[in-house]
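**Q** Sequence first, then the predicted structure, then my questions.
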Amino acid sequence: MSLWLNESSNAPDVYTWLSKNDECDICIVGGGLGGLITALRLSENNKNIIIVTTMPIGNGNTSKGSGIADIYTNGGFRRLCNSVGVSDAICYYKKMREGLGTLKEIIDRHNINCDFEIKDVVYFSNDAENYDEFIKEYLPLKHNGFDITVENNKKLSFEIKNGGVALNPYKLARNLANILINNNIKIYENTKIESIFNCGDCTILKSSMGYSIKANKIVLATGLESKNFIKGCGIKKTSYTIATSSINDLQTSYKNKIIHCIDKPYYTCYITNDNRIIATGLDSIISSDFTIKRYKPFTQFKYNKFNQLENLTSELFPIIENTPIEYKFTYSDLENFDDLALCGVLENQQNYYYTISSGVNSIMQSVISADILCSGEPIASDEDNFIGLIN
């Protein structure tokens, strides 16, 4: 079981499954944070909205994620610059900074208890000979108004003030679901959508039990399942997370920080408010023509990854060597090719929208995607990559 599910031990509210035909203005397929935050934004326009999800709300990748949202993309700023250019990379980092404010505003406005905690974000590298490349990671951001402090020591490092947050994503999802229900939005859990097809000016979503939802527009927020509806939307990826037991009298300067190792772009760690050390990353890319089992049993492969995470974390927190690892969990999602939030409208399908969030920063991607889908505000110079307002 993941840490987040276990810490949310109170029995969650249960929502019905689709047991009759229904209809709405907008149907959102997916009960994770991407779908829920999008629904919350759309509900502000008094739309008739239905959320339909294969699993109970928040029980998919939302309950297995890192629990952080910050100003970061997998691979860091330089890699993003190589993908989209410096100007658009800066725009995206600014959008992530705005997204942190949006997330805090949602949580404050609705008085959501999800262990929300603002943290500084530290990036470091052990490669002291790579200084010229290291400064490219932060200098453009510093010149564009980000509050960055640079340290020059054996570890090259810089820190972004209030650059991230930690929270319990499962608690956030369950709270959002209750808010939406109170706003007269319908939620159908344990309902698998098997087919989607056009019928005149509307769209029909047919469930595995034979019942249908008729919608004017749909938003696919289905994570890994998106590959069943959208061709070429990414490659399957597995991420690994460990969490220690609570550590009494944990003394460290990293206590209120999220830490990213630039040498190992898919490695991140932080300390929760109950003194657990959480480390995540070391992602495995699994394409359709490759399976880990061809090389070694997945269980062995998985625990090798957990051991690597533990060894990397012990370099920052030596106390972990004498601390039990209480939770080890994985999740699989879709890796896109530029580390950006993936959202848009399907080609030749004007009523089909999608939002796909992945990686260590999937919570922030969910917030940004919802903003793009609901406001239509572009965040890059190539506006054709983004869609207009869902109305």
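**A** That came in fine, so what should we check first?
**Q** and residue 94, what helix or strand is that in?
**A** Applying DSSP states H and E as the criterion places residue 94 in helix 86-109.
**Q** for that helix, packing partners?
**A** strand 68-70, helix 76-84, helix 139-143, strand 156-166, helix 362-375 (3 or more Cβ pairs under 8 Å, 6 or more residues apart in numbering; DSSP states H and E). Yep, even glycine has a C-beta here, placed from its N, CA and C like the rest.
**Q** list the helices and strands the longest one packs on?
**A** Yep, that's helix 362-375 we're talking about. Taking 3+ Cβ pairs under 8 Å, 6+ apart as the contact cut, helix 362-375 packs with helix 33-43, strand 68-70, helix 86-109, strand 342-345, strand 352-356.
**Q** closest to residue 281 out of the helices and strands packed on helix 86-109?
**A** Ranking the helices and strands packed on helix 86-109 by proximity to residue 281 (Cβ to Cβ) places strand 68-70 first, at 11.4 Å.
**Q** Need the contact partners of the closest one.
**A** 96, 99-100, 103, 119, 121, 163-167, 258, 268, 270, 360-361, 363-364, 367 (Cβ atoms under 8 Å, 6 or more residues apart in numbering).
**Q** hmm, back to that, hey, which of the helices and strands packed on helix 86-109 is tucked in deepest?
**A** strand 68-70 (a mean of 28; mean count of other Cβ atoms under 10 Å).
**Q** Return, as residue ranges, the portions of the stretch 251-391 of the chain with sub-threshold pLDDT.
**A** 264-265, 285-299, 336-339, 350, 376-391 (pLDDT under 70).
**Q** Spell out the residue ranges of the strands in it.
**A** Taking DSSP state E, counting those that start in this stretch to define them, one finds strands in the stretch 251-391 of the chain at 257-261, 267-271, 277-286, 325-335, 342-345, 352-356.
**Q** Make TSV from those and add mean neighbour count and distance to residue 228 to it.
**A** As requested, the strands of the stretch 251-391 of the chain are exported to TSV (neighbours: other Cβ atoms under 10 Å; distance: least, Cβ to Cβ, whole Å):
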stretch	mean neighbour count	distance to residue 228
strand 257-261	24	32
strand 267-271	24	29
strand 277-286	21	16
strand 325-335	19	11
strand 342-345	21	15
strand 352-356	25	12
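**Q** Could you point out which of those strands sits nearest residue 241?
**A** strand 277-286 (4.2 Å).
**Q** bridging residues for residue 279?
**A** For residue 279, the beta-bridge partners are residue 242, residue 269 (DSSP bridges).
**Q** my guess is it contacts residue 269, does it?
**A** Yes - using Cβ atoms under 8 Å, residue 279 is in contact with residue 269, at 4.1 Å.
**Q** Can you work out which residues contact both of the two?
**A** residue 313.
**Q** on that earlier part again, does anything pack onto the next helix or strand after the helix holding residue 94? Which helices or strands?
**A** Remark: after helix 86-109, the chain's next helix or strand is strand 117-125, criterion DSSP H and E. Packing partners of strand 117-125 (3+ Cβ pairs under 8 Å, 6+ apart): strand 68-70, strand 156-166, strand 257-261.
**Q** Could you list the residues in contact with stretch 302-320?
**A** So stretch 302-320 is contacted by 240-242, 244, 247, 250, 252, 254, 259, 261, 264, 267, 269, 277, 279-282, 284, 321, 325, 328, 330 (Cβ under 8 Å, 6+ apart).
**Q** With stretch 248-256 instead?
**A** Against stretch 248-256 from outside (Cβ under 8 Å, 6+ apart): 117, 119, 120, 122, 270, 271, 275, 316, 317, 319.
**Q** burial measure for the third one, as a count.
**A** Counted with other Cβ atoms under 10 Å, the burial measure for residue 120 works out to 18 neighbours.
**Q** Apart from its chain neighbours, what residue comes closest to it?
**A** The shortest distance from residue 120 to any non-neighbouring residue, by Cβ to Cβ, 6 or more residues apart in numbering, is to residue 257 (4.9 Å).
**Q** Cross-check the contact I'm expecting between the one you found and residue 118.
**A** No - applying Cβ under 8 Å, one finds residue 257 not in contact with residue 118, separated by 10.8 Å.
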